[in-house]
Each structure stands twice: as structure tokens, then as C-alpha cells.
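> Build me a structure from this.
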Amino acid sequence: LLLWMIAGMALTVAAVIHFARHDTSAMELRLMEAKARALGRGVTLLALRDRAMAAHAPENGSLDVTESGREGGSPNEHSGQFTAQYAPAEGWSVTVTIRPSNGFISLNDAGVESLTTLFAELGGLEVADASRMAQGVEDYRYQYPGFRYREELLAVEGVSRLAYDQVKEFVHPFRSGQMDASYAAGPLSALANDSQGDDDNVSDDAPSTPGGLVTFESIAAEIEQRIGVPDTTIVALEIDFRLDSGATLSQQIWASPERLNPILRTGGIANTTGQAP
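A predicted model of the protein is given here:
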């Protein structure tokens, strides 16, 4: 009986230690993500400042390394894009890429053809389902004043969570006009390049207008759709964090340097290594 009691106590202690380690790892992960969020806002402001300075730098537009913790920054091959590296805290290195908003697809400006191609090629839907989903997006724009958040896609009839998760990184709710393929990145860039010259070009089509009888409702819907003016000052900051422990995180922040509060929307922290530090 004594031996059974000792064995039971040993198992209990082992279970407590196991769950304690799990809780400790979870707390370390949450702490790492909290630090990344704070650093993300800081490097966003630094990158916006350095991008503005690089636009006025002599000749090649590069900046000299003049301050501690900054590793330099320079425009990319396409005007309007900018990449910089920072070391804002001990054990952390951060790479920031600023990309104009028209390097993504606007939920408020893209036409049905662009959306259909996006949902079919990157969302993994059949063409018929992608077309219905794209039409649902357009109907939503006319039924309401437009998209304010990309998460509103989930409220559109015919939109599945799986398709949303596949395309959410390539869309935004800001009015940026039609997409410029030269600013796109990753799978969206490949999709845009493959579509060049086709009738369903991702970057060339325009939103259609409401059909049917002309009524006060249809006029109001068209005004709501057309009244927005593309804001070329909005940019996306793609932030990659790397820790000395080998853990890597990423975050996307939307900002407009022309506004008093330049940070418009902060995305969640993605743990790309899937492990705590």
C-alpha cells in the first residue's frame, strides 16, 4: 500500500511539473508576442520616417547609419517601396518592408473579374464558387457603405472561412484604386504576372455599376460605391522579427504617414516558427 501511495504521488508530481512547464512556455510565448507588438509600433514609426528621409537622400537614396540600433534602409527597385533593418532591443532583429496599398487588392475598388481570379487561384475555390463569392462582395458594397475591415468578408454570402484564410493577407478595406502588379508580392505577384494580357487581368478591371431600373436606391448605391477617392498615402508594413533563440514572428501594420496618428490598423502576431523562445 505504501509503495502504491508513493507511486501515485510520483505520478501526481510529474503531472504538475508537466503542466507547469506547459504554462510557463505559454506565458513566455505571450510575453514574446507582447514585446513584438510594442516593437512593431515603434519600428513602424521609424520606418516611415526613414522612408521619407530616403526620398530626399542624395543620388541612390540610401541613408547613412548614424544612430544606434539601426542597420540601414533603402528604397527597393520599385519607387514607393522601402526596406529597412533595425535592432531595437537586445536579442531582437527586425526587418520592415513598406509596400504601397495598391500592391494589394482593395475590397472596395476591385472588380468582379479580379475578385473571381483571386478567390479561384489563391482561395482554392472552383471558378463557379469564386464567381459567386466575388458577386457577393460587390453586392455587399452596394448594400452597405463599403468594407471597413477585411473581416467583413466573412459576412458576405458564399464566403467560406477556408477561402478567407487563404486570401486575407492579400486584401484590404482601404480605397487604393486598381492594383499595381509591380508592387504586389508573393503569390499575388505571381498571379498578377500570369494574368497580364488576359481578359481577366487582376489589375486592370473596374467595378461594375448596379443594373436594373434606375431608382433612388440604385442611385444612392452607385454614389456610395463611387464617392471614395483612392488614398495613395496608405501603405502596408510587413514586419519580420527574429530572435537570437531562433524564433521568428511576423506582423502586418497599415499606416498613412500623412495623418496625425499614422498607424491605422495593426495585425496580429504570427509565430512562424511555432515555438516559444
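
> Which strand or helix spans the closest residue to residue 239 other than its chain neighbours?
Excluding its sequence neighbours, the residue lying closest to residue 239 (Cβ to Cβ, 6 or more residues apart in numbering) is residue 251, at 4.6 Å. Glycine gets a C-beta too; all of them are placed from N, C-alpha and C. Residue 251 belongs to strand 248-255 when assigned by DSSP states H and E.

> elements contacting the helix or strand just after that strand?
Downstream of strand 248-255, the first helix or strand assigned by DSSP H and E is strand 263-266. If contacts are counted by 3 or more Cβ pairs under 8 Å, 6 or more residues apart in numbering; DSSP states H and E, strand 263-266 sits against helix 2-55, strand 248-255.

> hey, which of those is tucked in deepest?
The highest mean neighbour count among those, using mean count of other Cβ atoms under 10 Å, belongs to strand 248-255: a mean of 21.

> Name the nearest residue to residue 169, ignoring sequence neighbours.
Leaving out its chain neighbours, the residue that sits closest to residue 169 by Cβ to Cβ, 6+ apart is residue 252, at 7.1 Å.

> Read off the pLDDT value for that neighbour.
For residue 252, the pLDDT comes out at 93.

> Pull up the gap between the nearest residue to residue 188 once chain neighbours are set aside and residue 25, please.
Nearest non-adjacent residue to residue 188, counting by Cβ to Cβ, 6+ apart: residue 170, 4.6 Å away. Going from residue 170 to residue 25 by Cβ to Cβ, to the nearest Å gives 32 Å.

> what do you get for residue 156?
As judged by Cβ to Cβ, residue 156 and residue 25 stand 38 Å apart.

> ok so, going back, name whatever forms a beta bridge with the residue nearest to residue 169.
Residue 252 forms beta bridges with residue 238, as assigned by DSSP bridges.

> so it sits right up against residue 263, yeah?
No - between residue 252 and residue 263 there is no contact, the gap being 11.9 Å when judged by Cβ atoms under 8 Å.

> Next secondary structure element downstream of the helix or strand of the chain with the lowest mean pLDDT?
Ranked by mean pLDDT, DSSP states H and E, the weakest helix or strand in the chain is strand 70-75, scoring a mean of 52. With elements assigned by DSSP H and E, the helix or strand that comes after strand 70-75 is strand 82-86.

> follow-up on the earlier one: could I get the helices and strands packed on strand 263-266 as JSON lines with distance to residue 268?
Output for those, formatted as JSON lines (distance: least, Cβ to Cβ, whole Å):
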{"stretch": "helix 2-55", "distance to residue 268": "9"}
{"stretch": "strand 248-255", "distance to residue 268": "7"}
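
> rank these by mean pLDDT and give me the bottom one.
helix 2-55 has the lowest average pLDDT among these, namely a mean of 85.

> Any idea how far that one is from the middle of the chain?
23 Å (Cα atoms, centre = their mean, to the nearest Å).

> what packs against it?
Secondary elements touching helix 2-55 (3+ Cβ pairs under 8 Å, 6+ apart): strand 70-75, strand 82-86, strand 92-100, strand 235-243, strand 248-255, strand 263-266.

> Good, wrapping up.
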